[in-house]
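> Pasting the sequence and the predicted model now:
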Amino acid sequence: MKAIVKFALGEDGMGLLDVPEPIPHEGELKVKVLAAGICGGDVHCMKDERLAIMPVTLGHEFVGQIVETCGDVGDFKVGDWVVTLPACYSCGECDFCKAGMVTLCAERKSIGSYVDGAMAEYVVVPAKYSFKVPDEVEDKIPYALSEPFIVGVHGAYERVRVNPGDVVVVSGPGQIGLLAMQAFKTRGAYVIVSGLKADADRLNLALQLGADAVADSMEKLKEEIRMVNPAGADIVVEAASHPSSLRDCLEVVKVRGQLLYLGYFGGRDVTFRFDTIHEKELDIYGSNSTTMASWEIGMKLINERKVDLAPLVSMKLPLSDWKRGFEAVINKEAYKVVFCPDMDE
Ligand SMILES: [Zn+2]
Ligand SMILES: [Zn+2]
């Protein structure tokens, strides 16, 4: 089968290869991939900013249909549609694994970086970390965004404290920011999405998807916050993975406010004024991927249509167009690029 494989360091170390179809073992599902999204993490792998065990098929955000099962797979059967928590190969025995926080397991092996992922015709995943997509859903492709949405759910439901009406600033209107904005809306927050002048389209989409306000400059952002809470933002969410965005967040957050760090700086050092944390008595929360509990919450929100993932799928490509897909993500030409192996012929 065809697969997008990272096989060596350097930008030439990636390509569309012919690889054997994966074989499910005890408790696993073999899934025919309907759609697999490109995540910032895949771009970090491509650029060698995040460790991958090579060779490995990339891709951890997907939706697909079960074509084969092996051993005890609970309620799952051939024909079911599924999505899966990516860090699905973990030790299973440490305190984090037992609590469903598999992403924090020291032994965690995520699909798409440690074991073969979903940018291929087929992927194999454990049943116990998979979740069903309702059969009756007509367009299942947006479910490929379940994982990045649930990254926002983990932050909004399991890391920061949110009270209805809290003023939340999401800095960075990329796909993680727009998905996190929707997660915070389901918690009853007042959400302002901030970006740059160049982000006009993204900020418009933020409004369409339910943001209460948007800002394309620091002045505008301060004004929008002042109108609803003169003390400042209750919660700031860094979702741009940019040092200046982090500095802006620290500037507009209120005294005793909370900072949620959803971004990822690709291992780079970042300069900001640390004393702000002391002076404002801030609570800073890291938020790393997802947990089993956040998938339960997130899948319920998606299935009950409390959020809208479809408008974020802006480019569907065959696997063979992988270069174009990655370039579109790097050049910010698309919100979410998904590979649909059915388009390859
Ligand atoms: Zn991802
Ligand atoms: Zn573990």
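Arrived safely, thanks for sending. Ligands and ions are numbered 1, 2, ... in the order given.

> Tell me how far the residue nearest to S171 when sequence neighbours are not counted lies from ligand 1.
Using C-beta to C-beta, 6 or more residues apart in numbering and skipping the chain neighbours, the partner closest in space to S171 is S245 (4.5 Å). Any C-beta I mention is one placed from the backbone N, CA and C, and that applies to glycine too. Distance of S245 to ligand 1, given as C-beta to the ion, to the nearest Å: 19 Å.

> how much space is there between S245 and G286?
According to C-beta to C-beta, to the nearest Å, S245 and G286 sit 16 Å apart.

> still on that earlier bit, the residue nearest to S171 against L262, yeah?
No - contact criterion C-beta atoms under 8 Å: S245 and L262 do not qualify, at 10.8 Å.

> and for these two, which residues touch both?
Listed as contacting both S245 and L262 by C-beta atoms under 8 Å, 6 or more residues apart in numbering are 238-239.

> neighbour count winner among those two?
L262 (26 against 21; other C-beta atoms under 10 Å).

> for the residue nearest to S171, what are its contacts?
By C-beta under 8 Å, 6+ apart, the neighbours of S245 are 171-172, 238-239, 263.

> ok, now M14?
Neighbouring residues of M14 by C-beta under 8 Å, 6+ apart: 4-7, 46, 58, 322.

> Convert the C-alpha atoms of the helix or strand of the chain with the lowest mean pLDDT to CSV, please.
When the helices and strands of the chain are scored by mean pLDDT, DSSP states H and E, helix 40-46 comes last with a mean of 90. The C-alpha coordinates for helix 40-46 follow below in CSV (Å, rounded to 0.1, in the frame of the first residue of the first chain):
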residue,chain,number,x,y,z
GLY,A,40,1.8,20.8,13.3
GLY,A,41,3.5,17.8,14.9
ASP,A,42,3.9,16.1,11.5
VAL,A,43,5.6,19.3,10.2
HIS,A,44,7.9,19.2,13.3
CYS,A,45,8.7,15.6,12.4
MET,A,46,9.4,16.5,8.8
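
> Show me what that helix is packed up against.
helix 322-330 (3 or more C-beta pairs under 8 Å, 6 or more residues apart in numbering; DSSP states H and E).

> Any part of the helix it packs on near ligand 1?
No - judged by C-beta under 5 Å from the ion, helix 322-330 stays clear of ligand 1, getting no closer than 11.5 Å.

> Could you pull out the buried residues of the one helix or strand D248 maps to?
Using DSSP states H and E, the element containing D248 is helix 243-252. For helix 243-252, the buried set under the neighbour-count rule, 16 or more other C-beta atoms under 10 Å, comprises 243, 245-252.

> just stretch 89-103 next, same as before
89-90, 94, 96-97, 100-103.

> do stretch 337-345 as well
Across stretch 337-345, burial judged by 16+ other C-beta under 10 Å covers 337-341.

> quick one: it near ligand 1?
No - Stretch 337-345 stays clear of ligand 1 (C-beta under 5 Å from the ion), getting no nearer than 12.2 Å.

> Contacts for that stretch next, please.
Residues contacting stretch 337-345 (C-beta under 8 Å, 6+ apart): 2, 4, 32-38, 59, 119-121, 141, 144, 313-322, 325-326, 328-329.

> Out of the residues you listed, list just those in helices.
Among the contacts of stretch 337-345, the ones falling in helices (DSSP state H) are 322, 325-326, 328-329.

> Alongside ligand 2, which residues does the protein contribute?
90-91, 94, 97, 105.

> Greatest separation within the residues you listed: which pair is it?
S90 and C94 (7.9 Å; C-beta to C-beta).

> Please enumerate the shared neighbours of these two.
105, 107.

> coming back round to it: now the contacts of S245 in a markdown table, with secondary structure?
Formatted as a markdown table, these follow (DSSP: H, G, I helix; E, B strand; the rest coil):
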| residue | secondary structure |
| --- | --- |
| S171 | strand |
| G172 | coil |
| E238 | strand |
| A239 | coil |
| G263 | coil |
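
> what's the closest of the residues you listed to ligand 2?
Distance to ligand 2 across the contacts of S245 (C-beta to the ion) is lowest for G263, with 25.1 Å.

> Let's have the residues of the chain next to ligand 2 in TSV, adding secondary structure, pLDDT and distance to ligand 1.
Formatted as TSV, the residues of the chain next to ligand 2 follow (DSSP: H, G, I helix; E, B strand; the rest coil; pLDDT from 0 to 100; distance: C-beta to the ion, whole Å):
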residue	secondary structure	pLDDT	distance to ligand 1
S90	coil	92	17
C91	coil	93	22
C94	coil	97	23
C97	helix	95	20
C105	coil	96	17
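
> Please list all residues in contact with P24.
Applying C-beta under 8 Å, 6+ apart, the residues near P24 are 30, 68-70, 124.

> any idea how far it is from A127?
Here P24 is placed at a distance of 9 Å from A127 (C-beta to C-beta).

> Please identify every residue contacting each of these two.
T69.

> How about the contacts made by the residue of the stretch 101-250 of the chain found nearest ligand 2?
Residue nearest to ligand 2 within the stretch 101-250 of the chain: C105 (3.0 Å; C-beta to the ion). Applying C-beta under 8 Å, 6+ apart to C105 gives the contacts 87, 90-91, 94, 96-97.

> cutoff 10 Å now
Applying C-beta atoms under 10 Å, 6 or more residues apart in numbering to C105 gives the contacts 87, 89-98.

> I appreciate the help and will end here.
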